[in-house]
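# No sequence on hand, only this structure:
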Ligand code: UDP
């Protein structure tokens, strides 16, 4: 039986990865310090004899007994509000944490896949973004703590590949959505759906002309799975190229939820990228992968998930004064 260590296991993507690898017949070791993750995302796995869990911060030395075939490093805050609230942890998990996991991969002779991000492209001047584009990142802006940590992570991973001949994979993840996203993590999709469910107006930051390209989580997990098992060791974009303005996206959510609320405009956060769309030519050619779930379908599944949450969760306000984080 092959074994895989998944960091960030209690998070949105980590928990879906745990499910996928359990379904594929792996022994799965989940690790999370629960700073942004939630055990409810993996509680259904605790009764599975092939699943185990460590509550541990990978920024400190990581020890796991036994053999490890694969390591997937998905621990990191990933929403702008989270990393503005906990910038030092964000920097540490992708730098010190990545270093620890690369060391573990070396000791165990594992193949390691690290979760990078479209944020390495910053506010991109090339559109759509190909893997060859080096990005336009402000190191000292509010997003710098995330963007630069992820860029460091890529550099460190490549150094271990070149110097220690480690088998490494780097996935650059674009905006992804689906069940188990935190309703209050501040990201645009849960923000809009939460507002619709509470009967509040939808908050568009800026004029809403900025674009994003949203990928349904099952498509993303399939792409990551294929990348891990492929021979490709340079960074690869995984995301859905179906690009939409935030203004049009708000209208889609209004239609989906049937809310009678209106949209209101708030200040655009500093450093908010104007456009983002993955060029997925490499994933198509090398992994024979492309997204299959259309936004209408993915949004409807995600809306059903959010509708099923308790009133407590719906009204829990993690970011009462969150606007302050942007100033
Ligand atoms: N956004 C918005 N209203 C919200 C939350 C976000 O208009 O309530 C915008 C945000 O300014 C950004 C886009 O939606 O342009 C996507 O934001 P998100 O935080 O989901 O992720 P990002 O892609 O910026 O990392």
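Nice, thanks for sending it over. Note that the structure is a prediction, hence the values are computed from the model and not measured.
# And the residue nearest to residue 270 when sequence neighbours are not counted, how far from the ligand?
Using C-beta to C-beta, 6 or more residues apart in numbering and skipping residues adjacent in sequence, the residue nearest residue 270 is residue 142, 5.5 Å away. C-betas here are computed from N, CA, C, even on glycine. As judged by C-beta to the nearest ligand atom, to the nearest Å, residue 142 and the ligand stand 11 Å apart.
# distance of residue 142 from residue 221?
As judged by C-beta to C-beta, to the nearest Å, residue 142 and residue 221 stand 29 Å apart.
# residue ranges for the strands of this structure, please.
3-7, 27-32, 51-55, 70-73, 111-117, 168-173, 176-177, 202-205, 211-213, 215-216, 236-238, 243-245, 263-266 (DSSP state E).
# what lines up beside the last one in the sheet?
Translated: strand 263-266. Strand 263-266 pairs in its sheet with strand 202-205 (parallel), by DSSP bridges.
# Return the residues of the stretch 1-150 of the chain in contact with the ligand.
The stretch 1-150 of the chain comes close to the ligand at residues 79, 80, as judged by C-beta under 6 Å from any ligand atom.
# 8 Å instead?
Residues of the stretch 1-150 of the chain found near the ligand, taking C-beta under 8 Å from any ligand atom as the criterion, are 79, 80, 81, 118, 119, 143.
# what about the third one, distance to residue 266?
What that stands for is residue 81. With distances taken as C-beta to C-beta, residue 81 is found 13 Å from residue 266.
# Settle it for me: which of those two has more neighbours?
Using other C-beta atoms under 10 Å, the more surrounded residue of residue 81 and residue 266 is residue 81, with 20 against 11.
# Residue 190 is in contact with the more buried one, correct?
No: counting by C-beta atoms under 8 Å, residue 81 does not reach residue 190; the two are 11.2 Å apart.
# if we can go back for a sec, now the strands of the chain as JSON lines including mean pLDDT?
As requested, these are exported to JSON lines (pLDDT from 0 to 100):
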{"stretch": "strand 3-7", "mean pLDDT": "98"}
{"stretch": "strand 27-32", "mean pLDDT": "98"}
{"stretch": "strand 51-55", "mean pLDDT": "98"}
{"stretch": "strand 70-73", "mean pLDDT": "99"}
{"stretch": "strand 111-117", "mean pLDDT": "98"}
{"stretch": "strand 168-173", "mean pLDDT": "98"}
{"stretch": "strand 176-177", "mean pLDDT": "98"}
{"stretch": "strand 202-205", "mean pLDDT": "96"}
{"stretch": "strand 211-213", "mean pLDDT": "97"}
{"stretch": "strand 215-216", "mean pLDDT": "98"}
{"stretch": "strand 236-238", "mean pLDDT": "98"}
{"stretch": "strand 243-245", "mean pLDDT": "98"}
{"stretch": "strand 263-266", "mean pLDDT": "96"}
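# So which of the ones you listed is nearest residue 289?
Closest to residue 289 of these is strand 236-238 (C-beta to C-beta; 7.5 Å).
# what are the pairing partners of the closest one, and which direction each?
As defined by DSSP bridges, the strand partners of strand 236-238 come to strand 168-173 (parallel).
# Taking strand 111-117 as reference, get the angle to the partner strand.
Per axes from the mean of the first three to the mean of the last three C-alpha atoms, to 10 degrees, the angle that strand 168-173 makes with strand 111-117 is 20 degrees.
# ok, is strand 168-173 in contact with the ligand or not?
No: applying C-beta under 8 Å from any ligand atom, one finds strand 168-173 separated from the ligand by no less than 10.7 Å.
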